[in-house]
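**Q** next input, structure requested:
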Amino acid sequence: MKNLNNYVAIYQEQLEKGDILIAYNALVKFVMSLRTEFIKTLSDHYSFTGILHGYMDFTYFYYSNDFLKSKKLKLGIVLNHLEMRFEVWLLGNTIPIQKKYWELLKNSKWNKEKTEMPKYAILETTIAENPDFNNLDQLTEQLATQMVQASEEIVDYLKTLNQVPRYETGKRSANT
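**A** Prediction:
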């Protein structure tokens, strides 16, 4: 097994070639522009957070609506760098909420092939398997359509669940 100095040398060598740096910066800029476009066109349906960077594995931002917020849930649009695809993730605001919803959704169409909860999300669904980064306008349009469709499908499914807990954010009344 190589030691960390060996990995750092390989990393530095690849950065000096420049291709990884150019590609990574372009991908992050695209996700930033995607978020900006979604704020312009979809802010009547969702509120959006800032861009978050993973460890060169994911670039993403969260979005939510009143229904999701009332359930302590949020969605994320994720550029999965390792698979080079775009995904929508359903996430809980805390680990206990995430685990509770995993139990409710583990047999859903999104999770039926999984034997355990995904590492970071309650569910993950791919919205662009092989994105064409040579046509960013078309890709933005495709992602907007697929993101809205996947999000609405997830939210509609959540609304059909009778066991979906409602988390109170205020103080309990004397009667509860």
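
**Q** residue 79 - that's part of a strand, no?
**A** Yes: when DSSP: H, G, I helix; E, B strand; the rest coil is applied, residue 79 is found to be in a strand.

**Q** residues near it, how many?
**A** Residue 79 has 23 neighbouring residues, counting by other C-beta atoms under 10 Å. Backbone N, C-alpha and C define where each C-beta goes, glycine included.

**Q** may I ask which helix or strand of this protein has the lowest mean pLDDT?
**A** strand 52-53 (a mean of 90; mean pLDDT, DSSP states H and E).

**Q** centre-most residue in the chain?
**A** For the chain, the residue nearest the mean C-alpha position is residue 76 (2.7 Å; C-alpha atoms, centre = their mean).

**Q** surely that residue is in a helix?
**A** No: Residue 76 sits outside any helix when classified using three-state DSSP, being strand.

**Q** so what are the sheet partners of the least confident helix or strand of the chain and their directions?
**A** strand 58-64 (antiparallel) (DSSP bridges).

**Q** the residue nearest to the centre of the chain touches residue 59, doesn't it?
**A** No: using C-beta atoms under 8 Å as the test, residue 76 is too far from residue 59 to be in contact (10.5 Å).

**Q** hmm, residue 102 and residue 73 touching each other?
**A** No: assessed by C-beta under 8 Å, residue 73 is found out of contact with residue 102, at 11.8 Å.

**Q** which one of those two has more residues nearby?
**A** Neighbours were counted for residue 73 and for residue 102 using other C-beta under 10 Å; residue 73 has more, 23 against 19.

**Q** contacting residues around that one?
**A** 64, 90, 91, 92, 93, 97, 101, 122, 158 (C-beta atoms under 8 Å, 6 or more residues apart in numbering).

**Q** now the helices: where do they sit in the chain?
**A** Remark: helices assigned in the chain by DSSP state H are 4-17, 19-42, 66-70, 95-105, 136-160.

**Q** kindly reformat the ones you listed as TSV containing mean pLDDT and distance to residue 114.
**A** Below are the helices of the chain laid out as TSV (pLDDT from 0 to 100; distance: least, C-beta to C-beta, whole Å):
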stretch	mean pLDDT	distance to residue 114
helix 4-17	93	31
helix 19-42	96	26
helix 66-70	96	21
helix 95-105	95	9
helix 136-160	97	15
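
**Q** got the ones you listed as CSV, with distance to residue 129 columns?
**A** Listed next are the helices of the chain as CSV, based on distance: least, C-beta to C-beta, whole Å:
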stretch, distance to residue 129
helix 4-17, 26
helix 19-42, 16
helix 66-70, 25
helix 95-105, 22
helix 136-160, 10
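
**Q** among these, which is nearest residue 112?
**A** Closest to residue 112 of the helices of the chain is helix 95-105 (C-beta to C-beta; 10.0 Å).
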